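1. pasting the structure only:
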């Protein structure tokens, strides 16, 4: 922590920090004035409850006078603090009048302690607690700038010296009490500056974190824009390459040329998949809320499975089972279709021929729809599972039939599920298979 015993907070933070601690000071004044008022009211109540023969109040008329004085004056600080807090919240700006008000209250509270120490005994060093307590309270709860702290300490010292001279103490007592007062005021100064430093450093850290968060958000937004633009612009030349390859395929070519055309086509398909993943990742980063429609998950998942059976050449059976028919949920059809496509694709990618891929639908006790996609393939090594949903994950692996991974698919799946206020988890045993479990809020019919 950067201690600021004899220096100020950096200039670029001064105004913002003053605006911040001004409200804290007003709240501190309101709280301290209320406690001080209640304390004096309790003393007044004790005056009335107990007889004078017990309290000996007639021997301490100064206590009676100051008690009434505190009861009359303190409510003005309490009520005015409410007005100034209301005024500050409307303006959100530190004003000189508020600083002066906090300064006056601090001087008032400490002066009350000093005066009480003189009333308690002719030698105030014997009642140091009455002097020290308000000093400690003000140094801890109120924030003052360097110059203000010095002026306050000097003002308190002058008040103490004036009362000491007024009490007609002996020169020895004056010197002794002045030394004690100086020690207390030095302690007040150091304590006040220490808490000023602590609060200032905390506030600087909060501001720096906010600034970094804004910078990160701007960088992420710029990155997504560039990513989206690049990925979108790559589609046109990629489509041209793919079209050229298809035209070449229509002509009579030798086996080597046909093999090269197949490689070009496969590369185009792979590149198009990467571009789609990049665009989806960029879109998901920019979207906090997605539009949803209430759907029966049974019908929705069955249509996806039927589409896979028609358009994908695979010997793996995709089996669907459901414990609830119908089971409704609020989903975005396009994005949730992508979730299921990705999970089914991964299951097939790491399954041997003729292995089943099982999809089940159920509901838990918290009214969440549970979708599980289970395969009986390679499984996932334990050390890769924690990184499975990371963007550009190092957990990406080549499929059994040479399918490549971009490392984006499952991170996109997780983003989409979380946009649906759900979550996704995975359990896996190597060489036995994996289970991906989706949980999203179910809807009533």
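-> Arrived safely. Keep in mind the model is a prediction, meaning the values are calculated, not measured.

2. And the strands in the stretch 251-400 of the chain?
-> Secondary structure of the stretch 251-400 of the chain (DSSP state E, counting those that start in this stretch): strands at 293-296, 318-322, 328-331, 357-363, 368-375.

3. Let me know which of those is the nearest to residue 226.
-> Comparison of these against residue 226 by CB to CB identifies strand 328-331 as nearest, at 30.1 Å. All C-beta spots, glycine's among them, are computed from the backbone N, C-alpha and C.

4. Report all helices and strands that the closest one contacts.
-> In this structure, strand 328-331 makes packing contacts with strand 293-296, helix 297-311, strand 433-443, judged by 3 or more CB pairs under 8 Å, 6 or more residues apart in numbering; DSSP states H and E.

5. hey, where'd the helices end up in the chain?
-> 11-49, 52-55, 61-91, 96-120, 128-141, 146-166, 171-250, 255-286, 297-311, 333-349, 409-419 (DSSP state H).

6. can you redo those as a markdown table with distance to residue 389?
-> Below are those laid out as a markdown table (distance: least, CB to CB, whole Å):
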| stretch | distance to residue 389 |
| --- | --- |
| helix 11-49 | 39 |
| helix 52-55 | 73 |
| helix 61-91 | 43 |
| helix 96-120 | 51 |
| helix 128-141 | 47 |
| helix 146-166 | 51 |
| helix 171-250 | 18 |
| helix 255-286 | 12 |
| helix 297-311 | 21 |
| helix 333-349 | 12 |
| helix 409-419 | 4 |
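
7. circling back to that earlier point, would you reformat the strands of the stretch 251-400 of the chain as JSON lines and include distance to residue 49, mean pLDDT and mean neighbour count?
-> Output for the strands of the stretch 251-400 of the chain, formatted as JSON lines (distance: least, CB to CB, whole Å; pLDDT from 0 to 100; neighbours: other CB atoms under 10 Å):
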{"stretch": "strand 293-296", "distance to residue 49": "69", "mean pLDDT": "91", "mean neighbour count": "14"}
{"stretch": "strand 318-322", "distance to residue 49": "76", "mean pLDDT": "90", "mean neighbour count": "15"}
{"stretch": "strand 328-331", "distance to residue 49": "66", "mean pLDDT": "91", "mean neighbour count": "20"}
{"stretch": "strand 357-363", "distance to residue 49": "66", "mean pLDDT": "92", "mean neighbour count": "19"}
{"stretch": "strand 368-375", "distance to residue 49": "62", "mean pLDDT": "92", "mean neighbour count": "21"}
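
8. of all the ones you listed, which lies closest to residue 61?
-> strand 368-375 (74.5 Å).

9. Sheet partners, orientation included, of the closest one?
-> With DSSP bridges as the test, strand 368-375 is paired with strand 357-363 (antiparallel), strand 433-443 (antiparallel).

10. Quick check: residue 138 vs residue 267, distance?
-> 74 Å (CB to CB, to the nearest Å).

11. Tell me which of these two has more neighbours.
-> Set residue 138 next to residue 267 and count neighbours by other CB atoms under 10 Å: residue 138 wins out with 25 against 14.

12. For stretch 414-428, list every residue counted as buried.
-> Buried residues in stretch 414-428, counted by 16 or more other CB atoms under 10 Å: 414-417, 419-420, 422, 424, 428.

13. and the two most separated of those?
-> Maximum pairwise distance in the buried residues of stretch 414-428, criterion CB to CB, is 24.7 Å, between 419 and 428.

14. so who does residue 346 touch?
-> For residue 346, the contacting residues are 375, 409-410, 436, by CB atoms under 8 Å, 6 or more residues apart in numbering.

15. Thanks again, I'm all set now.
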